[in-house]
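>>> Structure of the sequence below:
(one chain, ligands or ions: 1)
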Amino acid sequence: MIYDTDVVVIGGGPGGYTAAIAAADLGKEVVLVESAEQLGGVCLTRGCIPSKTLIHVVNIADSVRQAETMGIVCEKIGFDPGALAAHIRTTVDDLADGVSRLVKNRDIEQVQGHARFIESNQVYVDGANTIVRFKHAVIATGSRINELPEDLDAGLGSDVWTSDQALTVPEIPSSLLVIGGGYIGLEIGQAYAGLGTRVTLVETSPHLLAAADPDLVQVVINQCKKQFDAVHLNSRVTKITRTDTGFGVKIVTENGETSDDFAQVLAATGRRPNTTDLGLSALGIDTNDQGLIPVDEQCRTVLPHIFAIGDITAGPALAHKAVRQARVAAEVIAGKKSAYDNVSVPAVLFTRPEIAWTGLTETKAQKNSIPVTVGKFPLSALGRAKSVGRTHGFVKILTDPDSEQILGMGIAGEHASELIAEGNLAIEMGACLEDLIVSIHPHPTFSEAIMEAAEAARHKSVHLMKPQR
Ligand SMILES: Cc1cc2nc3c(=O)[nH]c(=O)nc-3n(C[C@H](O)[C@H](O)[C@H](O)COP(=O)(O)OP(=O)(O)OC[C@H]3O[C@@H](n4cnc5c(N)ncnc54)[C@H](O)[C@@H]3O)c2cc1C
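So this is what the prediction gives:
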């Protein structure tokens with residue numbers, strides 16, 4: 001089969017399917033190539049959606065447990081792993097079907113198979129024996145899991161979980177060793193702890209989540225200390241062996257080597273871009289030392305008719321960044337003036353409590369000697385937080401001391417994932433403290449904490465004690 005098309009999109013994740021739909025809506029003929037059976041990519045099928053579905057279920061149980069002090073009587077809370085797994089699967093399948101319908105609705109031609117460039121205007125799709133000739137291409141092939149190093153992996157094969165397996169909830173193990181203290185390890189570790197598993201976390205670096213400010217991370221660490229059996233920082237797993245009941249693991253910590261048994265092990269040791277098997281170097285498109293494809297503000301590679309978006313480009317490997325780039329690429333292909341010139345990309349951890357930040361962080365401000373004023377408001381002083389029993393955390397706002405322009409926002413606590421959008425909009429619009437203060441925030445809501453943090457930056461929050469002068 002041979003197709004001639006305006007645009008070929010390689011990869012049907014959030015970046016790829018958004019680019020395909022946006023280009024079709026702008027009048028372009030589009031062929032979308034995806035190697036997996038379902039559309040949606042890692043985010044929908046193995047990442048954002050299944051993980052947040054699992055976390056939501058665990059949070060419901062946690063809320064019920066906490067509500068015992070509020071007068072709710074509940075004898076016993078338990079989990080049915082089969083029903084939980086089915087719920088996650090159905091959620092994913094429904095959304096993936098929805099994406100397929102959106103693609104069909106635009107008359108986008110979908111081809112299943114592995115695409116590889118054979119010319120600068122042709123890709124061959126392995127598995128479908130198809131050639132697609134194109135005027136423009138959008139590469140959106142995403143990322144894959146880093147396998148454990150060979151010395152650790154010897155003979156274990158797929159016995160050790162990755163996030164892919166953990167999110168299908170094949171069982172609720174009695175104990176789980178999480179290798180890796182990034183957001184995936186923390187989110188899944190906390191979710192299993194909430195299901196009743198005894199969790200231990202090992203991280204090689206001295207800090208969890210180096211990209212976030214320490215005060216935000218500390219809120220999560222405090223919770224992990226309560227939920228987890230142990231958190232080993234500056235530590236390394238040196239050996240994993242199969243035992244009758246699970247795995248025997250050697251861990252070198254700051255205090256020496258320990259050996260322990262775990263029913264299950266989760267390797268959450270990062271991801272790398274899918275850029276090695278695309279025929280890129282023959283086209284003259286080189287990747288950097290991390291395997292990422294360099295692009296300009298319009299998401300063009302060195303070949304102006306070939307674009308790259310999402311996890312295979314520099315910047316945070318997050319679905320919303322891929323989606324924004326997808327729109328830019330589609331608009332540029334359609335001849336519009338468009339650029340990926342966003343000032344900030346929000347980052348969210350769906351931990352308990354959630355943390356989120358956007359724009360400038362305090363750590364970055366200090367490192368680069370950028371003067372900032374910081375206004376901070378604790379949720380313990382917020383009526384809504386008290387009324388729902390979720391007072392851990394705070395909102396902080398970083399502003400330019402002279403102009404009071406909002407430069408960054410960090411939130412730890414309930415609904416941080418939703419609230420951070422206001423901070424992001426404020427930064428993108430060049431808003432100042434005054435804008436957040438005079439905009440009426442509905443009462444009683446968590447959003448008032450943003451207004452209060454803006455007032456705190458001017459030492460004018462009526463719900464905080466007057467600062468000692
Ligand atoms: C456990 C987990 C939780 C996550 N949680 C979040 C979250 O809460 N929020 C968030 O923003 N991000 C989250 N992410 C990250 C998010 O999933 C990615 O940033 C996002 O999926 C990137 O989108 P993409 O379109 O670049 O690539 P992907 O979603 O990886 O899609 C790429 C697609 O391309 C296909 N493909 C690859 N090579 C080829 C080829 N040669 N031919 C044809 N098809 C090909 C793949 O099969 C895949 O379907 C999470 C990731 C994981 C693993």
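
>>> Near the ligand, which residues of the stretch 201-350 of the chain? Just list them.
Residues of the stretch 201-350 of the chain found near the ligand (Cβ under 6 Å from any ligand atom) are 274, 278, 310-311, 317-320, 322, 350. Placement of C-beta: from N, CA and C, glycine included.

>>> mind redoing it with 5 Å?
Contacts of the stretch 201-350 of the chain with the ligand, taken as Cβ under 5 Å from any ligand atom, map to 274, 310-311, 317-319, 322.

>>> Between those, which sits nearest the ligand?
Taking Cβ to the nearest ligand atom as the measure, the ligand sits nearest to residue 310 out of those, at 2.1 Å.

>>> residue contacts, the closest one?
Residue 310 makes contact with 11, 13-16, 140-142, 317, 321-322, 325-326, according to Cβ atoms under 8 Å, 6 or more residues apart in numbering.

>>> ditto for residue 303
Contacts for residue 303 were tallied using Cβ under 8 Å, 6+ apart; they are 120, 283-285.

>>> Please identify the helix or strand for it.
Secondary-structure element containing residue 303, defined by DSSP states H and E: none, the residue being outside all helices and strands.

>>> and it, backbone torsions?
Summarising the backbone geometry of residue 303 under the convention degrees, to the nearest 10, its torsions are phi -90, psi 110.

>>> Using TSV, lay out the contacts of residue 303 together with neighbour count.
Conversion of the contacts of residue 303 to TSV gives the following (neighbours: other Cβ atoms under 10 Å):
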residue	neighbour count
120	14
283	18
284	10
285	21
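
>>> just checking, which of those residues belong to strands?
Within those, membership in strands is found for no residue, as judged by DSSP state E.

>>> For burial, what's the neighbour tally of the residue in the stretch 101-250 of the chain that the ligand sits nearest to?
Nearest to the ligand in the stretch 101-250 of the chain, going by Cβ to the nearest ligand atom, is residue 142, at a distance of 1.9 Å. Residue crowding around residue 142 was assessed by other Cβ atoms under 10 Å; the count is 26.

>>> just the one 10 residues further on next, same as before
Residue neighbour count, defined by other Cβ under 10 Å, stands at 19 for residue 152.

>>> Leaving out the residues flanking it, which one is nearest to it?
Ranked by Cβ to Cβ, 6 or more residues apart in numbering and with sequence neighbours excluded, the top spatial neighbour of residue 152 is residue 240, at 5.6 Å.

>>> do the same with residue 58
Using Cβ to Cβ, 6+ apart and skipping residues adjacent in sequence, the residue nearest residue 58 is residue 194, 3.5 Å away.

>>> Can you name the element that comes right after the one helix or strand that neighbour maps to?
For residue 194, the enclosing helix or strand under DSSP H and E is helix 183-195. Towards the C-terminus, the helix or strand next in line after helix 183-195, according to DSSP H and E, is strand 198-202.

>>> re the thing from before, does the residue nearest to residue 58 touch residue 59 like I think?
Yes - contact between residue 194 and residue 59 holds when scored by Cβ atoms under 8 Å: they sit 7.4 Å apart.

>>> And the lowest mean pLDDT element among the helices and strands of this structure?
Every helix and strand in the chain was compared by mean pLDDT, DSSP states H and E; the lowest is helix 150-153, with a mean of 74.

>>> buried stuff in it?
Under the neighbour-count criterion of 16 or more other Cβ atoms under 10 Å, helix 150-153 has residue 152 buried.

>>> which residues are in contact with that helix?
147, 160, 237-240.

>>> coming back round to it: what's the spacing between the residue of the stretch 101-250 of the chain closest to the ligand and residue 404?
Here the distance between residue 142 and residue 404 works out to 40 Å (Cβ to Cβ, to the nearest Å).

>>> One more: residue 68?
The gap separating residue 68 from residue 404 is 44 Å, by Cβ to Cβ.

>>> quick one: the longest helix seen in the chain to helix 183-195, angle?
Ranked by residue count, the top helix of the chain under DSSP state H comes out as helix 81-105. With axes from the mean of the first three to the mean of the last three Cα atoms, to 10 degrees defining the directions, helix 81-105 sits at 140 degrees from helix 183-195.

>>> Any idea how far helix 81-105 is from the middle of the chain?
Average the C-alpha atoms of helix 81-105, do the same for its chain, and the two points are 19 Å apart (Cα atoms, centre = their mean, to the nearest Å).

>>> Pull the residues that contact it.
Helix 81-105 is touched from outside by 12, 17, 20-21, 32, 38-40, 44-45, 49-50, 53-54, 57, 110, 167-172, with contacts defined as Cβ under 8 Å, 6+ apart.

>>> Give the buried subset of these as a PyMOL selection command.
To isolate the buried ones among these in PyMOL, judged by 16+ other Cβ under 10 Å, type:
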select buried, resi 12+17+20+21+32+38+39+40+44+45+49+50+53+54+57+110+167+168+169+172
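
>>> Would you report which members of the contacts of helix 81-105 are assigned to helices?
Those of the contacts of helix 81-105 lying in helices (DSSP H): 17, 20-21, 44-45, 49-50, 53-54, 57.
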